[in-house]
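# I'll drop the sequence and a predicted model, then ask my questions.
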Amino acid sequence: MKTPTDLQRRKLLKYAAIGIAGAATYPSWAQTGGFVRVNAPSADFLPDVELELTMNTADVAVLQGKKTRVWKVTGKVIKGSANVLDNNEGTYLAPTLRFKKGQKVRIILNNNLPAQSILHWHGLHVPANMDGNPMYAIDHGQTYIYEFEILNRAGTYFYHAHTHGATARQVYSGLAGLLIVSDEQEQALNLPSGAFDVQLAIQDRSFDDQNQLSYSAHMMQRMQGFLGEQILVNGRPDFVLPVATRAYRLRLLNASNSRIYKLAWDDGTPLTVIGVDGGLLEKPEQHAYVMLAPGERLEVWMDFSDRAVGSELNLRSLSFAAGSHGGMGMMGGRGRMGMMGGGMMSVSTLPSGSDYPILKVRVDKKEQGSDTLPKVLTPITALSSKNAANAANPRTITLSMRHMSALLNGRSYKMNDIQPDEIIPVNSLQLIEFDNGFSGGGMHGMMDMPHPMHLHGEQFQIVKREVNTPAGEQYASVSDGFISNGWKDTVLVMPGEKVTILKPFNDFKGLFMYHCHNLEHEDMGMMRDYLIN
Ligand code: C2O
Ligand code: CU
Ligand code: CU
């Protein structure tokens, strides 16, 4: 329901948008070309960086031959240096945005799509009305203005559509990109930069014989989550990364709808992890493989200096037991869904938990790099359960799937439906546990699935992971790939597992979402809001 003031405000905004008022105060108003603003820039917010992003349909060359119709975000810098934004032209990937901690940012988002949409800044600590909650979705022809300060530490963040019931389809169509934050602490480490600081957004897509994206949302697919037949990196199939014989900083983002990766170098070189969702770790960690669930990011240090020019190396996803995702449970253990022979039950020809290549690295030139991996990265203050407002009484979020729904504490998403246990006092530290059948003591349902759980707002720390005995064997195929240190905003919770986290809810009141980042699950209702007040 619109209040009279709301209507007045909208009218005022309409005039403003066509240039009758405000042009002198806000130079950017002139740039909005026909879009109607649903909110106004604030006069006392002085941005260091101002961007205009427009969501539109576009045809891009993804495969050989016919172009693919996608939903593309294209941006321009209104204020700030040109390298704040890289449009990733020729791909469906949204622009890569680069901000510095402490910057005040204004983003003018225009919707020129044939649908409602809104963008969310995944991992950023911003006010509730700047966070891209689905309630702020704008129609075709409308503009939403975001204004916030970059409070996060340096790290690899993510932004994407967050439209009610349509997040999966919209992200799949292209509405997702990287948002990189730097700060002085990070700069002082002199990590590989420029061409040696590489972003790698991993996604899976299926195409029809006309090279068009195919997305089927039948029930089976929604319960499992969409699994594409082809891996794309930065919007490109068969991705090859040419490198020189020196060290690189690789920023990996899983921007897939539901696919979980178990990443490893194919020559057995361990992965050296230097950062996770919320930025650098305190010190590098080596893992034979790393798990990367939808919404998660990882920063990896890789030194190619002792490799021969002309040599190649592959990053693969290794096989693992993926719960129902891999075909167990639901089919009574009769094998993977994708192996059913293309019938109605077939979810993907590239089943979750199978073994397949992600990208190829080709060493193509000699270079004298002198970078050495720092032994210490950035200090992290460990949160303590003792300081939690609910130390003796953790908030439990029970994850479940049954019949046609995916639920949190037995509830499904509804806009503005805050229950008493979803109210959190502002400026408090909260102990939260995600229970994915752990307390069931091994009484598993038909759908035992991993759920990458994500909370909006501030980053959290993982306190502990516990798993029950029946899940142990499956769990052993993934558990060495979890990084439990550092700041996180998304954590993979395996079947039979309970993950306990500590999360601060500082500074901002209002609605902040928590949900499964398997985007089909999210759209099926595996999402709720917390009210911080
Ligand atoms: Cu990346 Cu609520 O989302
Ligand atoms: Cu988010
Ligand atoms: Cu889920």
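Perfect, I can see it now. Ligands and ions are numbered 1, 2, ... in the order given.
# residue contacts, whatever residue of the chain ends up closest to ligand 2?
Here the residue of the chain nearest ligand 2 is His122; by C-beta to the ion that distance is 3.6 Å. To be clear about C-beta, it is placed using only N, CA and C from the backbone, and glycine gets the same treatment. Neighbour list for His122: 157-160, 295, 454, 456, 489 [criterion: C-beta atoms under 8 Å, 6 or more residues apart in numbering].
# tell me what it is bridged to.
Judged by DSSP bridges, the bridge partners of His122 are Phe158.
# get me the contact residues on the stretch 351-500 of the chain for ligand 2.
Contact residues (C-beta under 5 Å from the ion) of the stretch 351-500 of the chain with ligand 2: His456.
# residues near the closest residue to ligand 3 within the stretch 351-500 of the chain, how many?
When scored by C-beta to the ion, the stretch 351-500 of the chain has His451 as its residue closest to ligand 3, at 3.4 Å. Using other C-beta atoms under 10 Å, His451 has 29 other residues around it.
# quick check on it: phi, psi?
phi -130, psi 110 (degrees, to the nearest 10).
# just checking, it touches Cys516?
Yes - His451 lies in contact with Cys516 (C-beta atoms under 8 Å); the separation is 4.6 Å.
# joint contacts of those two?
The overlap between the contact sets of His451 and Cys516 (C-beta under 8 Å, 6+ apart) consists of 399, 526.
# check contacts around the residue of the stretch 351-500 of the chain closest to ligand 3.
Contacts for His451 (C-beta under 8 Å, 6+ apart) come out as 399, 434, 436, 492-493, 516, 518, 521, 526.
# can you pull the pLDDT of it?
What the model reports for His451 is a pLDDT of 97.
# what are the bridge partners for it, then?
As for beta bridges, His451 partners with Val493 under DSSP bridges.
# that one and Met404: what is the separation?
From His451 across to Met404, the span is 17 Å (C-beta to C-beta, to the nearest Å).
# repeat that for Asp364.
Plainly put, Asp364 is 51 Å away from Met404 if you go by C-beta to C-beta.
# the more surrounded of these two?
For Asp364 versus Met404, neighbours defined as other C-beta under 10 Å are more numerous around Asp364 (15 against 10).
# and the helix or strand hosting the more buried one, how far from the chain's centre?
Asp364 belongs to strand 356-365 when assigned by DSSP states H and E. Centroid separation between strand 356-365 and its chain, computed with C-alpha atoms, centre = their mean, to the nearest Å, is 24 Å.
# which of the residues in that strand are buried?
For strand 356-365, burial by neighbour count (16 or more other C-beta atoms under 10 Å) applies to 358-361, 363.
# that strand pairs with which strands, and in what direction?
strand 240-244 (parallel), strand 312-317 (antiparallel).
# how about the nearest residue to the residue in the stretch 101-250 of the chain that ligand 3 sits nearest to, chain neighbours excluded?
Closest contact between the stretch 101-250 of the chain and ligand 3, by C-beta to the ion, is at Gly225 (7.0 Å). On the basis of C-beta to C-beta, 6 or more residues apart in numbering, the spatially nearest residue to Gly225 that is not a chain neighbour turns out to be Ser258, at 2.5 Å.
# hmm, Asp523 and that neighbour touching each other?
No - counting by C-beta under 8 Å, Ser258 stays clear of Asp523, with 10.8 Å between them.
# please identify which of the two sits among more neighbours.
With neighbours defined as other C-beta under 10 Å, Ser258 and Asp523 compare such that Ser258 has more, 30 against 24.
# what pLDDT does the more buried one get?
97.
# that one in helix, strand or coil?
Here Ser258 is coil, with the state taken from DSSP: H, G, I helix; E, B strand; the rest coil.
# that one: what's it in contact with?
Contacts here follow C-beta under 8 Å, 6+ apart; on that basis Ser258 touches 224-227, 294, 325, 352, 518-521.
# quick one: it and Asp139, what's the gap?
The spacing between Ser258 and Asp139, counted by C-beta to C-beta, is 28 Å.
# and the strands in the stretch 351-500 of the chain?
Using DSSP state E, counting those that start in this stretch, the strands of the stretch 351-500 of the chain run over 356-365, 395-402, 405-408, 423-424, 428-436, 451-455, 461-467, 490-493, 497-505.
# quick one: closest of these to Leu252.
Taking C-beta to C-beta, strand 356-365 is the member of those nearest to Leu252, at 9.1 Å.
# let me see the contact set for Ile145.
With C-beta under 8 Å, 6+ apart, Ile145 has these contacts: 37, 39-41, 106-109.
# secondary structure, distance to Leu252 and neighbour count for those residues - can I get that in a markdown table?
Below are those laid out as a markdown table (DSSP: H, G, I helix; E, B strand; the rest coil; distance: C-beta to C-beta, whole Å; neighbours: other C-beta atoms under 10 Å):
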| residue | secondary structure | distance to Leu252 | neighbour count |
| --- | --- | --- | --- |
| Arg37 | strand | 36 | 23 |
| Asn39 | coil | 34 | 18 |
| Ala40 | coil | 38 | 15 |
| Pro41 | coil | 35 | 20 |
| Arg106 | strand | 29 | 23 |
| Ile107 | strand | 25 | 22 |
| Ile108 | strand | 30 | 25 |
| Leu109 | strand | 26 | 23 |
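# which one of those is nearest Asp197?
Distance to Asp197 across the contacts of Ile145 (C-beta to C-beta) is lowest for Ile107, with 22.9 Å.
# contacting residues for the closest residue to the closest one other than its chain neighbours?
Distances taken as C-beta to C-beta, 6+ apart place Tyr146 nearest to Ile107, at 4.3 Å, with adjacent residues excluded. Neighbouring residues of Tyr146 by C-beta under 8 Å, 6+ apart: 105-109, 121, 126, 130, 132.
# TSV for those residues, including pLDDT and distance to Glu285?
Shown next, in TSV, are these (pLDDT from 0 to 100; distance: C-beta to C-beta, whole Å):
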residue	pLDDT	distance to Glu285
Val105	98	31
Arg106	98	37
Ile107	98	34
Ile108	98	40
Leu109	98	37
Trp121	98	27
Val126	98	29
Met130	98	33
Gly132	98	31
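# which stretch of helix or strand covers Leu178?
Of the helices and strands defined by DSSP H and E, Leu178 is found in strand 176-182.
# pairing partners for that strand, with directions?
Applying DSSP bridges to the sheet, strand 176-182 is found paired with strand 96-100 (parallel), strand 155-161 (antiparallel).
# distance between the last one and the chain's centre?
Spelled out, that is strand 155-161. Taking C-alpha atoms, centre = their mean, the mean C-alpha location of strand 155-161 is offset from the chain mean by 6 Å.
# is any part of that strand close to ligand 2?
No - using C-beta under 5 Å from the ion, strand 155-161 stays clear of ligand 2, with a minimum separation of 7.7 Å.
# touching, Ala154 and Ala188? I think so.
No - judged on C-beta under 8 Å, Ala154 makes no contact with Ala188 at a distance of 10.5 Å.
# so what's in contact with the two at the same time?
Common neighbours of Ala154 and Ala188 (criterion: C-beta under 8 Å, 6+ apart): none identified.
# quick one: stretch 283-300 near ligand 2?
No - legend: contact between stretch 283-300 and ligand 2 by C-beta under 5 Å from the ion is lacking; minimum distance shown is 7.1 Å.
# got the CA positions of that stretch in CSV?
Coordinates of each C-alpha in stretch 283-300 appear next as CSV, following Å, rounded to 0.1, in the frame of the first residue of the first chain:
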residue,chain,number,x,y,z
LYS,A,283,48.1,-16.7,7.0
PRO,A,284,48.1,-18.9,3.9
GLU,A,285,46.6,-22.4,4.1
GLN,A,286,47.4,-25.3,1.9
HIS,A,287,44.8,-27.8,0.8
ALA,A,288,44.9,-30.8,-1.6
TYR,A,289,41.5,-29.5,-2.8
VAL,A,290,39.0,-26.8,-1.8
MET,A,291,35.3,-26.8,-1.8
LEU,A,292,33.6,-23.8,-3.4
ALA,A,293,29.8,-23.6,-3.0
PRO,A,294,27.5,-21.0,-4.8
GLY,A,295,28.1,-17.6,-3.4
GLU,A,296,31.5,-18.4,-1.9
ARG,A,297,34.8,-16.8,-2.9
LEU,A,298,38.4,-18.0,-2.5
GLU,A,299,41.6,-16.3,-3.2
VAL,A,300,44.5,-18.5,-4.2
